[in-house]
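Participant: fold the following for me, if possible:
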Amino acid sequence: MGSAPAVAPGLLVADRYRLEALVLDRSGRAMPGRSASRVGQLWRAHDEVLARPVAVLLIENDDPMAPSVIAGARAAAGLTNPALAKVYDAGESPGMAFVVTEFFEGGSLEQQLMTGPLDPAPAIDLVAGITEAVAAAHRAGLYGMTPSPGRVLFTASGVPRLAGVALADESPEGSERTDTIALAHLLYAALTGRWPGDPRICELPPAPSVDGHLRTPRQVRGGVPREVDVAVVRAMGDDLLRRGLPDIATPSAFAAALAPLRSTVDDGHPYGADTAEIPIVDPRSRRRRRSGNGNRSGNGNRNRNRNRNRSGNRWLPASTGARLALAVGVAVLGVAVAGLFWTGPRIYPHFVTHSVTTPTDEPTPTDSTAAAGAALVPAHVSEFDPYGDHTDPHVAEAPNAADGKLSTAWHTQTFVSARLGNTKPGVGLLVDLGKPRQITAVQLHLLGSGTSVVLLEGTDAGPPATDKQAQVVASADDAGTTVTLRPADPTTAQYWVVWLTKLPAADNGFRGGIAEMTFES
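Facilitator: Coordinates of the predicted model:
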């Protein structure tokens, strides 16, 4: 490999992959070169042959990890399980090694669980699919994937994949046990929204324990089926909790224990084809149903597609040691947007959304604070529905979309089709900034993937009465869960409308909403 070219946006790698932007770490900084805890630089790129977004990990040719990364990626590419991240390419370019993977745009399961646990049926289906993928990798002689909520990433259409595969090591039996415990922890987290493992791996609230022993999922959250509780306990490796029940020591055995508990057997993949949209779940409505229905363990088929908003993307935690250094290498970890090799404790607020952008862009809002610097605080936010009867119970939720919390949201009504049942051209939120303010961008966290959204500028002194009295300044079709609307030129107005014209699939129809919006001057 010759000398490395200057790595910058626009560089063409392997005569095919055009670099677009660095994937930023949690703090919004560009991912650095090799350090004690990271390898290479992760870029979003465009595959000019197949015209699709990809993630490209670049590693300098003198990095001692480069051969392991390439070898690991080639091994992972041979696995075709739909729940494993796809590795597209790996090789050498002048001065550097590279690995190309799919680019994830739907965020991670960890981010999703921040709003609350999944219902039991979708939790079982999701983790069972991941478990079968890990078992398949073990049969191929690949170990050390160590699943966690942060390593389960979603495609833009909502398909969950496990990012990260390791090579065979000298003690596969120990690796099987480690991965089985990790899978049990993953299901525990999906069922309860609590993390029972190493706190450095996941930033969900810790699972409760008594005298050094974890509470079981059923003890943490009502409604968890007893059979699921038993399977998790048998796989977690705590002899006291098992109470004499036989141990589950391998992913294959765990997959077999979960198989009869699944609500779908769609070829081992809980959510079907990559084009399937996964609806969001309002955790508040789930609590209302639970209070009225008691134990819902028998509602599998009805509940199995209840999933949650997948906003943003995140770094993947890495393990130390030679074996998991190879796991690091493989994946690029399908890491796409997720990033790589974080080993220290989390110190950032939860719900941080990691953008793929240049280091100079503004950070996205978190639950604890709005975007720094140029973010504007609206004087008033109200539902904007000129063609409705205003009896929608979600009208009062409008301020939730600008309260600085991703855990609260404004929801639309449910319609029979994505185009609002052809009953109206759109529905949205009216934002009063208090006085005319110049806007350069509006960042949105949407509920579900597939929303079409328009930014309208009020052109009169008063608020617009209909969408016809406002001017379109930016739009996005079939957006993911995060999108930034930028007027072609900075625009000044007091009243703005965020207008939804197409909604994602939801329970029994189509429904959308906004978890958070940030206006930037």
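Participant: so what's residue 59 bridging to?
Facilitator: With DSSP bridges as the criterion, the beta-bridge partners of residue 59 are residue 97.
Participant: scratch that, residue 411 is what I was asking about
Facilitator: Residues found in beta-bridge contact with residue 411 (criterion: DSSP bridges) are residue 513.
Participant: begin at 45 from here
Facilitator: Sure thing, new numbering starts at 45, so read that last one as residue 455.
Participant: any idea how far residue 543 is from it?
Facilitator: If you measure residue 455 against residue 543 using CB to CB, to the nearest Å, the figure is 15 Å. The C-beta positions use only the backbone N, C-alpha and C, and glycine is treated the same way.
Participant: ramachandran angles for the most centrally placed residue in the chain?
Facilitator: Centrality entry for the chain: nearest residue to the mean C-alpha point is residue 151, 1.7 Å, by CA atoms, centre = their mean. When read as degrees, to the nearest 10, the backbone of residue 151 gives phi 80, psi -170.
Participant: surely it touches residue 198?
Facilitator: Yes - proximity of residue 151 to residue 198 meets the contact threshold set by CB atoms under 8 Å, at 5.8 Å.
Participant: helix, strand, or coil at residue 132?
Facilitator: Reducing the assignment at residue 132 to three states with DSSP: H, G, I helix; E, B strand; the rest coil gives strand.
Participant: now do the contacts for it.
Facilitator: With CB atoms under 8 Å, 6 or more residues apart in numbering as the criterion, the residues that contact residue 132 are 91, 98, 121, 144, 145, 146.
Participant: swap the cut-off to 7 Å and go again
Facilitator: For residue 132, the contacting residues are 98, 144, 145, 146, taking CB atoms under 7 Å, 6 or more residues apart in numbering as the criterion.
Participant: now render the residues you listed as TSV, adding pLDDT, neighbour count and distance to residue 173.
Facilitator: As requested, the contacts of residue 132 are exported to TSV (pLDDT from 0 to 100; neighbours: other CB atoms under 10 Å; distance: CB to CB, whole Å):
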residue	pLDDT	neighbour count	distance to residue 173
98	90	23	24
144	91	24	24
145	87	27	19
146	87	23	17
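Participant: in those, find the pair that's most separated.
Facilitator: Using CB to CB, the two most remote members of the contacts of residue 132 are 144 and 146, lying 8.8 Å apart.
Participant: which residues are common contacts for those two?
Facilitator: Counting by CB under 7 Å, 6+ apart, the residues touching both residue 144 and residue 146 are 98, 132.
Participant: residue 274 sits in which helix or strand?
Facilitator: Under the criterion of DSSP states H and E, residue 274 resides in helix 270-280.
Participant: and residue 145, by the same measure?
Facilitator: Using DSSP H and E, residue 145 falls within strand 140-146.
Participant: just how off-centre is that strand within its chain?
Facilitator: Taking the mean of its C-alpha atoms, strand 140-146 sits 21 Å from the chain's own mean (CA atoms, centre = their mean, to the nearest Å).
Participant: domain assignment for the chain?
Facilitator: Per the record, the chain has its domains at 157-187+215-353, 419-564, by automatic domain parsing.
Participant: tell me where this structure has helices.
Facilitator: In order along the chain, the chain carries the following helices (DSSP state H): 110-121, 153-157, 164-183, 216-236, 261-264, 270-280, 283-286, 295-302, 327-337, 344-347, 366-375.
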